[in-house]
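1. just need the structure, nothing else, for what follows:
(one chain, ligands or ions: 2)
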Amino acid sequence: MTNLSLSDLGWSDFFALQDNLQLSNVPARVTDVHRDHLDVLGVKGPLKLAPDQNAGFYAVGDWLYHDGQRVHQVLDRKTSIGRGAAGESGGYQLIAANLDTLAIVTSCNDDFNPARLERYLAMCSAGGALPLVVLTKADLSPDSDVFRRRVEKLFPLIRAVTLNACDVADVTRLHPWCNTGQTMALVGSSGVGKTTLQNALTGIEQMTQTIREADAKGRHTTTSRSLRRTLVGGWLIDTPGMRELRLSRASEGIDAVFSDLVTLAQKCQFKDCQHASEPGCAVKAAISDDALAPDRLQRWQKLQNENAYFNRSADELRAEKRSLKKLSKNERMQTKTKNKR
Ligand SMILES: Nc1nc2c(ncn2[C@@H]2O[C@H](COP(=O)(O)OP(=O)(O)OP(=O)(O)O)[C@@H](O)[C@H]2O)c(=O)[nH]1
Ligand SMILES: [Mg+2]
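-> Residues are numbered from 1 along each chain as shown. Ligands and ions are numbered 1, 2, ... in the order given. Now for the predicted structure:
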């Protein structure tokens, strides 16, 4: 790869202004995060750096300062996406940083699921990126336009593109979102064609695998995230297929995706209305008038509860663990007393 300028790498005033005019700082962009090192790309080419924090602190797409060997500082992120970490720990897992567009990839088949799209859109909106819905496998669907129209009906402000990811010429329709200086990340279930899109957009051959015929599920072929240069001079972040997307730190994003419900709820008689059986509930009234689908209220409440659960503060988590410990100690005591009797 020929040497790139900082703006080729996606640098902008947002990062330059964090410099405090210390012109000796050397910036680079993270292309891969490994447990023991980071692969970065700077104006002098690729480098391996020793991290100054644990790997979970960094995201593909991050900008940082370094001395050629070690990381000195990670710059504030312009945008980022992340989710509730696996397990019950309540942690947050960063997925990608400094992306302009989040391409939410789903296929014109059984993978298409409005509730899942809402989750991805809430994550995207919370992190500040522009959402784009990419509907792959249009070539395998008898009427792919139905899927595009469903997206546009559900989310009128969001752009949806249907395409055949295996057709390199068709995929060039995504170039406007990953041109010079622009970064686009691909997220979605396993098998929807993220890596197939990446291969067409970058000219790099990463492994893809066929999906299971029976349920259109993929085989989790991609196992790590990476930032790669597109053929039109922008940047693309491919990610492993997600089994589930738990929302965390996404309350603003949830409000954005469900803004119609937020507006309705402001008209409820009680400020803390739970939209259950309270009098003067504007949300319930909209459901009775067929102006709102009841399952949309359920989905809104489910995401709010989940987000609150995975947003628990470190103090709340410690208190929870303490009470669980106490509970099990009490249980042990009770069993002992019973046995003695
Ligand atoms: N016909 C057709 N096949 C596609 C299309 N997009 C992807 N495929 C095929 O679907 C399979 C899965 O594609 P991948 O690109 O590996 O999917 P992925 O989203 O990267 O999957 P993970 O890495 O597991 O998350 C491969 O066999 C692709 O050739 C498409 O638009 N049309
Ligand atoms: Mg893949």
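
2. now do the strands in the stretch 151-300 of the chain.
-> Ranges of strands within the stretch 151-300 of the chain are 159-162, 183-188, 226-229, 235-238, based on DSSP state E, counting those that start in this stretch.

3. so can I have a markdown table of the ones you listed showing mean neighbour count and mean pLDDT?
-> Glycine gets a C-beta too; all of them are placed from N, C-alpha and C. Putting the strands of the stretch 151-300 of the chain into a markdown table (neighbours: other Cβ atoms under 10 Å; pLDDT from 0 to 100) gives the following:
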| stretch | mean neighbour count | mean pLDDT |
| --- | --- | --- |
| strand 159-162 | 19 | 96 |
| strand 183-188 | 28 | 98 |
| strand 226-229 | 22 | 97 |
| strand 235-238 | 27 | 98 |
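
4. identify whichever of those strands lies nearest to ligand 1.
-> Shortest separation from ligand 1 across the strands of the stretch 151-300 of the chain is recorded for strand 183-188, at 6.1 Å, computed as Cβ to the nearest ligand atom.

5. anything in the closest one near ligand 2?
-> No: counting by Cβ under 5 Å from the ion, no contacts exist between strand 183-188 and ligand 2, the nearest distance being 8.4 Å.

6. so what's the backbone phi/psi at the closest residue to ligand 1 within the stretch 201-341 of the chain?
-> Proximity of the stretch 201-341 of the chain to ligand 1 (Cβ to the nearest ligand atom) peaks at residue 241, 2.6 Å away. In terms of degrees, to the nearest 10, the main-chain angles of residue 241 are phi -60, psi 140.

7. contacts only, for it.
-> Residue 241 sits next to 188, 189, 190, 191, 192, 194, 218, 220, 221, 222 when contact means Cβ atoms under 8 Å, 6 or more residues apart in numbering.

8. adding distance to residue 135, write the residues you listed out as CSV.
-> Written out in CSV, the entries for the contacts of residue 241 read as follows (distance: Cβ to Cβ, whole Å):
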residue, distance to residue 135
188, 10
189, 13
190, 16
191, 14
192, 9
194, 13
218, 16
220, 21
221, 20
222, 19
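
9. ok, and which of the residues you listed reach ligand 1?
-> With Cβ under 6 Å from any ligand atom as the criterion, the contacts of residue 241 include 190, 191, 192, 194, 218, 220, 221, 222 near ligand 1.

10. in a markdown table: the residues you listed, plus neighbour count and distance to residue 136.
-> Supplementary listing: the ones next to ligand 1 among the contacts of residue 241 in a markdown table, determined by neighbours: other Cβ atoms under 10 Å; distance: Cβ to Cβ, whole Å:
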| residue | neighbour count | distance to residue 136 |
| --- | --- | --- |
| 190 | 18 | 13 |
| 191 | 26 | 10 |
| 192 | 28 | 6 |
| 194 | 30 | 9 |
| 218 | 23 | 11 |
| 220 | 14 | 17 |
| 221 | 17 | 15 |
| 222 | 20 | 15 |
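
11. need those in CSV (columns: pLDDT and distance to residue 252).
-> As requested, the ones next to ligand 1 among the contacts of residue 241 are arranged in CSV below (pLDDT from 0 to 100; distance: Cβ to Cβ, whole Å):
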residue, pLDDT, distance to residue 252
190, 95, 28
191, 95, 31
192, 96, 27
194, 97, 26
218, 86, 31
220, 90, 30
221, 90, 33
222, 90, 29
